[in-house]
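Participant: Quick check, what structure comes out for this input:
(2 chains)
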Protein chains: 2
Amino acid sequence: MAKGKKSALKENEGISQSEITNAASIKNIKKKRNAKINPKTLVAAILKKDITALSRAITLVESTNADHFPIAHSIIKQCLPHANNSIRIGITGVPGVGKSTFIETFGKHLTARGKRVAVLAIDPSSSLTKGSILGDKTRMDALVKDENAYIRPSASGKSLGGVARKTRESIILCEAAGFDVIIIETVGVGQSETTVHSMVDFFLLLKLAGAGDELQGIKRGIIEMADTIAINKADGDNLKQAKIAKVEFNRALHLYPQKASNWQPKVMLCSALKNEGIDDIWKLVLEYIETTTKNHYFDKKRKEQNKFWLIQTIEDQLKSEFFNRPDIKKELATQLHLIDNNKTTPFAAAYYLLNLTH
Amino acid sequence: MAKGKKSALKENEGISQSEITNAASIKNIKKKRNAKINPKTLVAAILKKDITALSRAITLVESTNADHFPIAHSIIKQCLPHANNSIRIGITGVPGVGKSTFIETFGKHLTARGKRVAVLAIDPSSSLTKGSILGDKTRMDALVKDENAYIRPSASGKSLGGVARKTRESIILCEAAGFDVIIIETVGVGQSETTVHSMVDFFLLLKLAGAGDELQGIKRGIIEMADTIAINKADGDNLKQAKIAKVEFNRALHLYPQKASNWQPKVMLCSALKNEGIDDIWKLVLEYIETTTKNHYFDKKRKEQNKFWLIQTIEDQLKSEFFNRPDIKKELATQLHLIDNNKTTPFAAAYYLLNLTH
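Facilitator: Below is the predicted model:
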């Protein structure tokens, strides 16, 4: 009876679970649930373009439950031979630039041409604010209802590195599920553009004309990463301003040295709301893919991205292991204090910390 | 006799030394030499502005002989309370911009005003080419002969990190020896500007007018780091071009957001050869120091630089330890091959490598 009471309390009122609660039976249920996941069956379904299976696999990839890690790895490994065959497009722009409307119009444009389109998102802030960029799916109403489109809200995670890993592995799953175009969306702030840039083939920067917005991107090097800049909302009264902005961006782009891709970035005008200029942007993407496939940059870039992610993951892990050690946390503060008071140098302090045994 | 023969061979023909050569006696000589180094005596001499003692201490800091590490550390530690009281100026610019002439004229200008000036260099390439920037001291003939100036050629080292550590510790020694202005020179290529920027108070970028040179710095973010841009060789036929370049740079600088220092970077014209505009640049440095001291940015920046170097040194060391492990070197190549052939993901490969036991 006492056991039952505790269990009921837990379920109904959310009081934290006691150690002696029916942990064994919960474990048992979880075991059974996991046992039901057969990676082979799931992969077979993904390859048959089963969206429910794809969603389930992405959930496993995103899971923080250690029991799911080997299952997720097994699924990804089996999907790998069927991956790598999509066009990966990164789209960024500050809030208000009209990203959702653009992705909706752009996505519909592609599905109307027989393409299957997946939309993923990188939004490191979503784990804090719980407000994912793509959380509000209603903003992409038409695309959500399109059976040739798949929209997945941003993975949450403590670190950008963690979110990035999940997104990169989701790309593989989407490709195995036969999606031809994968769009990775990110908000135009912080480090997330660099992260997205390092996992896509083509990087599109959305901009607005006027309001001093034209050159703000230079600071963060985002303009340098862009393969195309699209000035959105270039309609009605905005059109004149947008044309001026186009000239300015073109001038700015020509200040940068030739890209390794041999691709000269373009500036385009569009209005996602009025479906104007969207086809030109898609043609530009195709032109880019053709150019970089011919000059072998496309494959080279993907290989470099893989290497980058390998090294990045190792370095992140080494740092995180070191700086999360309780002794390092404590001694780091002490050493910083000593440095601030000229009692030691940064180098002596570093070697002191590195030589602490744990 | 055999012993003597071997020793002679070694000295005269440079044949590699046999294991049984008089290693013991060499060790003995070295021991005696090290025994002669009394950190306390050396520090006392440095504080009395003894240049020979300063040079000897810098040599110890630069030494790769492990026996010297504790001695060097002891010297630096004793010098620390007497350090931190100079103005640290970073100077960069592409080869041909006239760095040596500028430093000579600028240095003489300061010594004429009663300042003591030390010139150090960061040149990671010098370890490869053996051609240090400051190696050819004859280019700074007047400054070399000036008893209130001290010129130290670039430290050599395998890595930029190693060279940077040596230079940063040499700054402390120079400050303890009473130098008021420390100039850190670097060539305008690669990562060395960022390294120099992270150890100086004021960052000066030397430029030439014309020849498409005006905006080449944007690419590497060097212009963004500059507290002042000086267009050198602004004399004779060059003057008109230089004035145009000044306008262009000023426009470029205004595109960047306000600096954390609240300092608006300036563009100056100068001719180091004709000693024109040099005093204005020095006045600008003083104005910068005054502004940033008042708004506490000066101290804040030095503290941040210390923290940066602490974290940087730790991270460099963690990475170098990991990637230099023979098992990792071997397995990394294998994993990269598997990734290129879609047999594994960068993340799976990373975790495989991280979990190798050694």
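Participant: use CA for all of it now, contacts and neighbours both
Facilitator: OK.
Participant: can you list the domains in chain A?
Facilitator: A:29-81, A:83-295, A:309-354 (automatic domain parsing).
Participant: Between those domains, which one is closest to chain B.
Facilitator: When the domains of chain A are compared by CA to the nearest CA, domain A:309-354 sits nearest chain B, at 4.4 Å.
Participant: I'd say A:V119 and A:I183 touch.
Facilitator: Yes. Between A:V119 and A:I183 there is a contact under CA atoms under 8 Å: 4.7 Å.
Participant: JSON lines for the domains of chain A, including mean neighbour count, distance to B:N148 and mean pLDDT?
Facilitator: Converted to JSON lines, the domains of chain A look like this (neighbours: other CA atoms under 10 Å in any protein chain shown; distance: least, CA to CA, whole Å; pLDDT from 0 to 100):
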{"stretch": "domain A:29-81", "mean neighbour count": "17", "distance to B:N148": "63", "mean pLDDT": "88"}
{"stretch": "domain A:83-295", "mean neighbour count": "19", "distance to B:N148": "41", "mean pLDDT": "85"}
{"stretch": "domain A:309-354", "mean neighbour count": "17", "distance to B:N148": "26", "mean pLDDT": "92"}
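Participant: can I get those domains in JSON lines with distance to B:I75?
Facilitator: JSON lines is the format used below for the domains of chain A (distance: least, CA to CA, whole Å):
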{"stretch": "domain A:29-81", "distance to B:I75": "50"}
{"stretch": "domain A:83-295", "distance to B:I75": "41"}
{"stretch": "domain A:309-354", "distance to B:I75": "11"}
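Participant: Any chance of the ones you listed in CSV with distance to chain B as columns?
Facilitator: Output for the domains of chain A, formatted as CSV (distance: least, CA to the nearest CA, whole Å):
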stretch, distance to chain B
domain A:29-81, 6
domain A:83-295, 6
domain A:309-354, 4
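Participant: between these, which one is nearest to B:A209?
Facilitator: Proximity to B:A209 (CA to CA) singles out domain A:83-295 among these, at 16.0 Å.
Participant: gap between the two ends of that closest one?
Facilitator: When the termini of domain A:83-295 are compared using CA to CA, to the nearest Å, they are 22 Å apart.
Participant: And it, how far out from the chain middle?
Facilitator: Put simply, domain A:83-295 sits 11 Å off its chain's centre (CA atoms, centre = their mean, to the nearest Å).
Participant: Spatially central residue (nearest the centroid) of chain A, please.
Facilitator: Closest residue to the average C-alpha location of chain A: A:I122 at 3.1 Å, with CA atoms, centre = their mean.
Participant: Tell me who's in contact with the nearest residue to that residue once chain neighbours are set aside.
Facilitator: Of all residues not flanking A:I122 in the chain, A:T186 sits nearest, at 5.1 Å (CA to CA, 6 or more residues apart in numbering or on different chains). Shown in contact with A:T186 (CA atoms under 8 Å, 6 or more residues apart in numbering or on different chains): A:G90, A:I91, A:T92, A:G93, A:A121, A:I122, A:D123, A:I133, A:S192, A:E193, A:V196.
Participant: can you put these in JSON lines and add secondary structure?
Facilitator: Compiled in JSON lines, those are given as follows (DSSP: H, G, I helix; E, B strand; the rest coil):
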{"residue": "A:G90", "secondary structure": "strand"}
{"residue": "A:I91", "secondary structure": "strand"}
{"residue": "A:T92", "secondary structure": "strand"}
{"residue": "A:G93", "secondary structure": "strand"}
{"residue": "A:A121", "secondary structure": "strand"}
{"residue": "A:I122", "secondary structure": "strand"}
{"residue": "A:D123", "secondary structure": "coil"}
{"residue": "A:I133", "secondary structure": "coil"}
{"residue": "A:S192", "secondary structure": "helix"}
{"residue": "A:E193", "secondary structure": "helix"}
{"residue": "A:V196", "secondary structure": "helix"}
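Participant: Could you list which residues are in contact with A:K240?
Facilitator: Neighbours of A:K240 in contact, by CA under 8 Å, 6+ apart: none.
Participant: ok, now A:I183?
Facilitator: Taking CA under 8 Å, 6+ apart as the definition, contacts of A:I183 comprise A:R88, A:I89, A:G90, A:I91, A:V117, A:A118, A:V119, A:L120.
Participant: any idea which element the second one lies in?
Facilitator: Under DSSP states H and E, the secondary-structure element containing A:I89 is strand A:87-93.
Participant: which residues make contact with that strand from outside it?
Facilitator: Contacts to strand A:87-93, defined as CA under 8 Å, 6+ apart, come from residues A:99, A:180-188, A:193, A:196-197, A:199-207.
Participant: Those in helices, which ones?
Facilitator: Mapping the contacts of strand A:87-93 onto helices (DSSP state H) picks out A:K99, A:E193, A:V196, A:H197.
Participant: Would you tell me which one of those comes nearest to A:T167?
Facilitator: For the ones in helices among the contacts of strand A:87-93, with A:T167 as the reference and CA to CA as the criterion, the closest is A:V196, at 9.3 Å.
Participant: what are the bridge partners for the closest residue to that closest one other than its chain neighbours, then?
Facilitator: Excluding its sequence neighbours, the residue lying closest to A:V196 (CA to CA, 6+ apart) is A:G90, at 6.1 Å. For A:G90, the beta-bridge partners under DSSP bridges are A:I184, A:F203.
Participant: So which residues of the stretch 51-200 of chain A form strands?
Facilitator: A:87-93, A:117-122, A:149-151, A:181-187 (DSSP state E, counting those that start in this stretch).
Participant: Let me have those strands in CSV, adding distance to A:I103 as columns.
Facilitator: Shown next, in CSV, are the strands of the stretch 51-200 of chain A (distance: least, CA to CA, whole Å):
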stretch, distance to A:I103
strand A:87-93, 9
strand A:117-122, 8
strand A:149-151, 10
strand A:181-187, 8
